[in-house]
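Novice: Here is a sequence together with a model predicted from it:
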Amino acid sequence: PAADGSAKPAKARARRRRSARFAGVDDALVEPGSVLPPSGAPSATGAGTRETLTGARFAGSTAREGGEAFVPDAEGTRRAGELLGLLDRTRAEGREGEAHLLLVDAAHWPP
């Protein structure tokens with residue numbers, strides 16, 4: 001009890017973790033102060049995870065239909081090599097802004 005004889009107020013509920021670090025983690029299964037396994041560690045099916053991972057962190061991470069893996073073609077591999085060479089040169093010359101623009105352009109290339 002407090003000095004005036006009243007009882008202590010109830011402890012406030014802990015805030016829910018909303019950062020990308022905790023994407024897909026079920027709060028009910030995580031106790032305060034517990035340590036989450038590294039993201040590469042295997043976990044039991046359904047243990048603290050959702051059926052489908054959501055959020056920008058997991059965009060495109062679902063399996064392709066038919067289970068076929070993506071195999072790059074020769075043209076794509078050649079263009080990627082050219083881009084890496086150009087990035088290496090621009091960064092070595094201290095042109096960080098141009099290197100960033102190259103990466104932005106590469107991210108928006110048609111698939």
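Specialist: Nice, thanks for sending it over. Residues are numbered from 1 along each chain as shown.
Novice: got any ranges where the chain has weak pLDDT?
Specialist: Within the chain, the ranges that satisfy pLDDT under 70 run 1-18, 20, 22-54, 56, 58-68, 110-111.
Novice: which helix is the longest one in it?
Specialist: helix 74-92 (DSSP state H).
Novice: Contacts for it, please.
Specialist: Helix 74-92 is contacted by residues 72, 96, 98, 99, 102, 103, 106 when judged by Cβ atoms under 8 Å, 6 or more residues apart in numbering. Yep, even glycine has a C-beta here, placed from its N, CA and C like the rest.
Novice: These in helices, which ones?
Specialist: 96, 98, 99, 102, 103, 106.
Novice: Would you mind giving these as JSON lines with distance to residue 88 and neighbour count added?
Specialist: Listed next are those as JSON lines, based on distance: Cβ to Cβ, whole Å; neighbours: other Cβ atoms under 10 Å:
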{"residue": "96", "distance to residue 88": "13", "neighbour count": "10"}
{"residue": "98", "distance to residue 88": "12", "neighbour count": "15"}
{"residue": "99", "distance to residue 88": "9", "neighbour count": "18"}
{"residue": "102", "distance to residue 88": "11", "neighbour count": "17"}
{"residue": "103", "distance to residue 88": "12", "neighbour count": "12"}
{"residue": "106", "distance to residue 88": "14", "neighbour count": "14"}
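Novice: before we move on, back to that, tell me which of the contacts of helix 74-92 is nearest to residue 55?
Specialist: residue 103 (22.4 Å; Cβ to Cβ).
Novice: That closest one: what's it in contact with?
Specialist: Here residue 103 is in contact with residue 87 (Cβ under 8 Å, 6+ apart).
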